[in-house]
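Trainee: Sequence first, predicted coordinates after that:
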Amino acid sequence: MDETALFLIAFGVVAFALVSRRAEAGIVTAPMVFTAFGFVAGTAVLGIVEPSIQTPGIQILAELTLVVALFTDAARIDLGRLGREHDMPIRLLGLGLPLTVVAGTGMAMLLFPELGLWPAALVGVMLAPTDAALGQAVVSDSRVPQRVRQALNVESGLNDGLAFPALLLVASLAGAASDLGVGSGDTGVGGWAAFIAGQLLLGPAVGVGVGLGGALLIERARAADWMNDIFVRIATLALAILAYTGAELIGGNGFIAAFAGGLAVGTRTRAVLEGVEDFGETEGQLLTLLVFLLFGAVLLPELANIDWRHWVYALLSLTVLRMVPVALSLIGTRLAPATVLFVGWFGPRGLASIIYLLLILESGGVPGMDQIQRIVLLTVLLSIVLHGATAAPWAGRYGRHMKAKDTAPEHRPVFPFPTRMRNTREKAGES
């Protein structure tokens, strides 16, 4: 990437920053703008930003962004409070998430029978995690009942980490190369045992150790007034990378370690919470927006060969394949039908799906990868546009609808976990 490309990217960041506050209440979101900007600057139009998927810098950016997102999203959640007060996200994660994977797999096999079971399951897993940042107004607009906002916030914060072990397993079964699969290609009992131990046990163990130890040290350093706020933010990033690299060095999975480390930090102490929030709003958001820019520049041109099946799958993935599992998982909660529809619709597919795809593309070896890539890319693109455009107006409309039902279960108070990106506009009372 030369100076011209860097100049254009920096110009785009500054240009959007100038209108960012106005954009918060509108139908044009930052992911929309950066995806469109990347597409125009990329190979399809101007050809200024021309990295390929195999460019080392893109892979490093994708992996770093996922590590940071997994760690900081998990660090916002206190598992103790989650279990005591937040039944909605537990239902969405415990039942809705696996049902979404199964439904997505089944539909992929129906529309793309040439894929076979495990590549189809890879599609289901890649498109199961949600990204609340694509519809930020939904989790930041105070007119939406806090219990509903928090359900979507927590679901988005945890489902990418919970889905990642399934991604590893399904990618291995689908034929991905050894860096995502069983060590040296051994598919016997010993190979699978080594895979499970290395990827799914060592990773969490390292992550929890780093998270608990790091949280304790930061807590004591702040209590003794040895540590300033700037280095709390720096330490947040360092802990995430420490968990990731520590697990990789001993044969575990670094992404799972980063997620487990974040959970340990969030449950052990709130001392680093401000640092996590500040990092997510600045450095974390910049990393995320760069991923969307590269999504537009590098990946969207791959959509040239889509057909009606890709459109059908993408639209079903954003509607029926999400809404039905959500409705089933919320049975017995006595929530209003409008709430079930609202939660079902606002399950955007974004950052996790993009990075999952990049990781599998880097790994290679999965049959039907061209079809998988087109399905995921089109679904994410439609989600960026549709969820971004509907978030602010529908959040306001739903909030006004629920305001008249102040005794409804949606208004039950819950502990508020921070969102990935706090909105700087106070929307309470706006109409």
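Mentor: In hand now; what should we look at?
Trainee: Could you give the average pLDDT over the helix ranked longest in the chain?
Mentor: For the chain, the helix that runs over the most residues, judged by DSSP state H, is helix 369-403. When pLDDT is averaged along helix 369-403, the result is 93.
Trainee: before we move on, what about stretch 238-253?
Mentor: Model confidence over stretch 238-253, given as mean pLDDT, is 91.
Trainee: Tell me, how many residues neighbour residue 416?
Mentor: The number of residues packed near residue 416 is 12, by other C-beta atoms under 10 Å. Where C-beta positions appear, they are placed from N, C-alpha and C, glycine not excepted.
Trainee: Tell me if I'm right that it and residue 150 touch.
Mentor: Yes. Contact between residue 416 and residue 150 holds when scored by C-beta atoms under 8 Å: they sit 6.2 Å apart.
Trainee: contacting residues for residue 108?
Mentor: Residues near residue 108 by C-beta atoms under 8 Å, 6 or more residues apart in numbering: 115, 119-121, 123-124, 313, 375.
Trainee: Can you add distance to residue 32 and give those residues back as a markdown table?
Mentor: A markdown table is the format used below for those (distance: C-beta to C-beta, whole Å):
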| residue | distance to residue 32 |
| --- | --- |
| 115 | 30 |
| 119 | 30 |
| 120 | 29 |
| 121 | 30 |
| 123 | 24 |
| 124 | 26 |
| 313 | 22 |
| 375 | 21 |
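Trainee: Inside helices: which ones of these?
Mentor: The members of these that map onto helices under DSSP H are 119-121, 123-124, 313, 375.
Trainee: can you dump the C-alpha coordinates of the helix or strand residue 218 falls within into CSV?
Mentor: Under the assignment given by DSSP states H and E, the secondary-structure element containing residue 218 is helix 203-223. What follows is helix 203-223, C-alpha atoms only, in CSV (Å, rounded to 0.1, in the frame of the first residue of the first chain):
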residue,chain,number,x,y,z
GLY,A,203,-6.4,-21.6,24.9
PRO,A,204,-8.9,-20.9,27.6
ALA,A,205,-6.5,-21.9,30.3
VAL,A,206,-3.9,-19.4,29.1
GLY,A,207,-6.5,-16.8,28.6
VAL,A,208,-8.0,-17.1,32.0
GLY,A,209,-4.6,-17.1,33.6
VAL,A,210,-3.5,-14.0,31.8
GLY,A,211,-6.8,-12.3,32.4
LEU,A,212,-7.0,-13.0,36.1
GLY,A,213,-3.3,-12.3,36.7
GLY,A,214,-3.4,-9.1,34.7
ALA,A,215,-6.6,-7.8,36.3
LEU,A,216,-5.2,-8.4,39.8
LEU,A,217,-2.0,-6.6,39.0
ILE,A,218,-3.8,-3.6,37.3
GLU,A,219,-6.2,-3.4,40.2
ARG,A,220,-3.5,-3.3,42.8
ALA,A,221,-1.3,-0.9,40.8
ARG,A,222,-4.3,1.5,40.5
ALA,A,223,-5.2,1.2,44.2
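Trainee: what's the helix or strand following that helix in contact with?
Mentor: Scanning forward in sequence from helix 203-223, with DSSP H and E defining helices and strands, the next element found is helix 229-249. Residues external to helix 229-249 that are found in contact with it (C-beta under 8 Å, 6+ apart): 67-68, 70-72, 75, 202-203, 206-207, 210-211, 214, 218, 222, 227, 253-258, 260-262, 265, 271-272, 274-276, 278-279, 283.
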